[in-house]
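Participant: Please work out how this folds:
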Amino acid sequence: MIARPIQRPTLPLALILTLTAAACSVLPSGASAAPGREGGARYPAGASRPALTASRARLAARGEDAGPVVQIATSGHGRRSHKLLLRGDPARAWLSFEAMQQYYYLLGSGLYKGEPFSYLWPFSQALAATVSMANIPLLQPALQHELKARLVGLRAYYDADNAGSVEGTFTSSLAGFDGTVAPPAGPGGPKYYDDNDWIGIELVRMYKLTREPALLSAAEAIMAFEIAGWQSSPALGCSGGLPFSNLPENSTRNTITTAPAAELAVQLYRTTHQGAYLQFALMAYEWVRSCLLEPGGLYGDHVDRRGILEPHLWSYTQGVMIGAGTLLYQATGDGVYLYQARQTAAAALAYFTPDRLGEEIPFFISIYFRNLLYLDSVTHDPPGPQIAQTYVDYAWQHNRLPDNLFLAGTPPSGQLLVQAAIAQIYALLSSPPRTYF
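Facilitator: Predicted structure coming up:
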């Protein structure tokens, strides 16, 4: 165990109220949220319903696109507004984001469609897409309302007292965000460590945009929740790591929970200069390397209670370790971390061919690309931008409906996770890498 001199804040509900006065939330009367990821299942089929379906023939019938040009109005000083012309990737990012809002967003609620509301997982990626859009040069004024609206929606998942469904034994009583809308608007229930990681990372990015102290406080509260979940029991094989969720039956500790927590910890260290955050990041990163690194240089999915590795390879589990290594290099100046990040990137680039990437949902790939692009911005070795560009341009030409909704999978279907991922990749390609974390 590490020393924890960090004062653990309770996630303040007031912070959301303070930041969203201009966009108050009214949940539909009598609505209830969908059940969580039942039985500990990783990726529920209905994570972001409603889903669209379309035939391959309809998609293939779309003609080639010469490149969109979009004109938007942005607020200037005082009451004056200015016209901004977007072309290329920024224009595609805007159109993808606009379609996400038009089809999936529930006006007046701050939330996205599901049963009736989306899980926190897809919501976190809509938040990431919004923050990434706001980091495109000159677009932040046009995204101010959307940033506030995401905070309104986020409030609905906040669980101050762990109310709702029976929860597991992994977590403390610290507040966090439930996997579904929390009481009274929804059932609440289990918390997922990766979902809370994604939220924390985006809150730090929002803090960098706005310098609103409440955002930083909220991110630190999430970090406290993550630290409290560290599994140090000597009865566990490969003791350490963060569990996937706090469901009673959860028995795994995962790359995708632990490595993003290391990334969030480095973000907070660079912002607050509190050494305990860096200490936790180093511990989490080294645990993943010790327990989940496979002989081929890539990271498996999780270990069970006995410490046995589940070796399935996903692109995003490689991405978060690439990003964590790069961030640790920047935080410590130790070139070992950069070397390890480059080694992981080389192995991932060799393994994740276009065909293999095509078998994954776009959400995984957006996480992979963000981290790969971030490494490339440090090493000035740019395979990442070219690969990401090719991926989203293919999706633009072949997997996009006339209303700019994107489909993925077999049969082709559209979900919030898909749309948010494409919007996010285009936004990342349009913005400086220093804004990615």
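
Participant: for the host helix or strand of residue 289, which positions count as buried?
Facilitator: Following DSSP states H and E, the helix or strand that holds residue 289 is helix 275-292. Of the residues in helix 275-292, 276-285, 287-289, 291-292 count as buried by neighbour count, 16 or more other C-beta atoms under 10 Å. All C-beta atoms are positioned from the backbone trio N, CA, C, and that covers glycine.

Participant: got the buried residues for stretch 356-374?
Facilitator: Buried residues in stretch 356-374 (16+ other C-beta under 10 Å): 357, 360-374.

Participant: As a check, name the ranges of all strands in this structure.
Facilitator: With strands called from DSSP state E, the chain shows them at 52-53, 69-75, 81-87, 105-106, 111-112, 158-159, 176-177, 253-254, 302-303, 309-310, 413-414.

Participant: low-confidence ranges in the chain?
Facilitator: Low-confidence segments of the chain (pLDDT under 70): 1-66, 75-81, 162-173, 248.

Participant: Next up, the contacts around the residue nearest to residue 392 when sequence neighbours are not counted.
Facilitator: Once flanking residues are discounted, residue 392 sits nearest to residue 425: 4.8 Å by C-beta to C-beta, 6 or more residues apart in numbering. By C-beta atoms under 8 Å, 6 or more residues apart in numbering, the contact set of residue 425 is 362, 365, 366, 369, 388, 391, 392.

Participant: The same query, at a cut-off of 7 Å, please.
Facilitator: Residues in contact with residue 425, defined by C-beta atoms under 7 Å, 6 or more residues apart in numbering, are 366, 369, 388, 392.

Participant: how about the buried residues of stretch 356-374, which pair is most distant?
Facilitator: Spatially, the most separated pair among the buried residues of stretch 356-374 is 361 and 374, at 21.0 Å (C-beta to C-beta).

Participant: just to revisit the earlier point, measure how far the helix holding residue 289 is from the centre of its chain, please.
Facilitator: Between the centre of helix 275-292 and the centre of its chain there are 20 Å (C-alpha atoms, centre = their mean, to the nearest Å).

Participant: could I have it exported to PDB, CA atoms only?
Facilitator: Only the C-alpha atoms of helix 275-292 are listed here, as PDB (Å, rounded to 0.1, in the frame of the first residue of the first chain):
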ATOM      1  CA  GLY A 275       3.300  13.800  -5.100                       C
ATOM      2  CA  ALA A 276       0.800  11.200  -3.900                       C
ATOM      3  CA  TYR A 277      -0.900  11.300  -7.300                       C
ATOM      4  CA  LEU A 278       2.300  10.500  -9.100                       C
ATOM      5  CA  GLN A 279       3.100   7.800  -6.600                       C
ATOM      6  CA  PHE A 280      -0.300   6.100  -7.300                       C
ATOM      7  CA  ALA A 281       0.200   6.500 -11.000                       C
ATOM      8  CA  LEU A 282       3.600   4.700 -10.800                       C
ATOM      9  CA  MET A 283       2.200   1.900  -8.700                       C
ATOM     10  CA  ALA A 284      -0.800   1.400 -11.000                       C
ATOM     11  CA  TYR A 285       1.300   1.400 -14.200                       C
ATOM     12  CA  GLU A 286       3.900  -1.000 -12.800                       C
ATOM     13  CA  TRP A 287       1.100  -3.400 -11.600                       C
ATOM     14  CA  VAL A 288      -0.300  -3.600 -15.100                       C
ATOM     15  CA  ARG A 289       3.200  -4.300 -16.500                       C
ATOM     16  CA  SER A 290       3.800  -6.900 -13.900                       C
ATOM     17  CA  CYS A 291       0.500  -8.700 -14.000                       C
ATOM     18  CA  LEU A 292      -1.000  -8.200 -17.500                       C
END
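
Participant: what packs against it?
Facilitator: Applying 3 or more C-beta pairs under 7 Å, 6 or more residues apart in numbering; DSSP states H and E, one finds that helix 275-292 makes contact with helix 255-272, helix 315-332.

Participant: Distance to residue 345 and mean neighbour count added to these, as CSV?
Facilitator: Putting the helices and strands packed on helix 275-292 into CSV (distance: least, C-beta to C-beta, whole Å; neighbours: other C-beta atoms under 10 Å) gives the following:
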stretch, distance to residue 345, mean neighbour count
helix 255-272, 14, 26
helix 315-332, 5, 25
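
Participant: could those helices be laid out in TSV, adding distance to residue 192?
Facilitator: Shown next, in TSV, are those (distance: least, C-beta to C-beta, whole Å):
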stretch	distance to residue 192
helix 255-272	8
helix 315-332	14
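
Participant: out of the ones you listed, which comes closest to residue 230?
Facilitator: helix 255-272 (8.9 Å).

Participant: what helices or strands is the closest one leaning on?
Facilitator: Counting by 3+ C-beta pairs under 7 Å, 6+ apart, helix 255-272 packs on helix 193-210, helix 213-228, helix 275-292, helix 315-332.

Participant: now these as CSV including distance to residue 239?
Facilitator: Formatted as CSV, the helices and strands packed on helix 255-272 follow (distance: least, C-beta to C-beta, whole Å):
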stretch, distance to residue 239
helix 193-210, 17
helix 213-228, 16
helix 275-292, 9
helix 315-332, 20
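
Participant: for these, which one sits closest to residue 179?
Facilitator: Here helix 193-210 is closest among the helices and strands packed on helix 255-272 (C-beta to C-beta), at 6.2 Å.

Participant: how far off helix 255-272 does that closest one point, in degrees?
Facilitator: Computed by axes from the mean of the first three to the mean of the last three C-alpha atoms, to 10 degrees, the angle separating helix 193-210 from helix 255-272 equals 30 degrees.

Participant: before we move on, the earlier item: outside of the helix holding residue 289 itself, list whatever touches it.
Facilitator: Residues external to helix 275-292 that are found in contact with it (C-beta under 7 Å, 6+ apart): 2-6, 223, 227, 238, 240-241, 255, 258-259, 261-262, 265-266, 268-269, 299-300, 303, 307, 309, 321, 324, 328, 331.

Participant: Now with 8 Å, please.
Facilitator: Contacts for helix 275-292 (C-beta under 8 Å, 6+ apart): 2-6, 223, 227, 238, 240-242, 253, 255, 258-259, 261-263, 265-266, 268-269, 299-303, 307, 309, 321, 324-325, 327-328, 331-332, 337, 340.

Participant: do the same with stretch 314-324
Facilitator: Residues outside stretch 314-324 that contact it (C-beta under 8 Å, 6+ apart): 255-256, 259-260, 262-263, 266, 281, 284-285, 288-289, 298-301, 341, 344-345, 347-348, 352, 356-357, 360, 363-365, 367-372, 374-375, 437.

Participant: picking up where we left off before, which one of the strands of the chain lies nearest to residue 432?
Facilitator: Each of the strands of the chain has some distance to residue 432 by C-beta to C-beta; the shortest is strand 81-87, at 16.5 Å.
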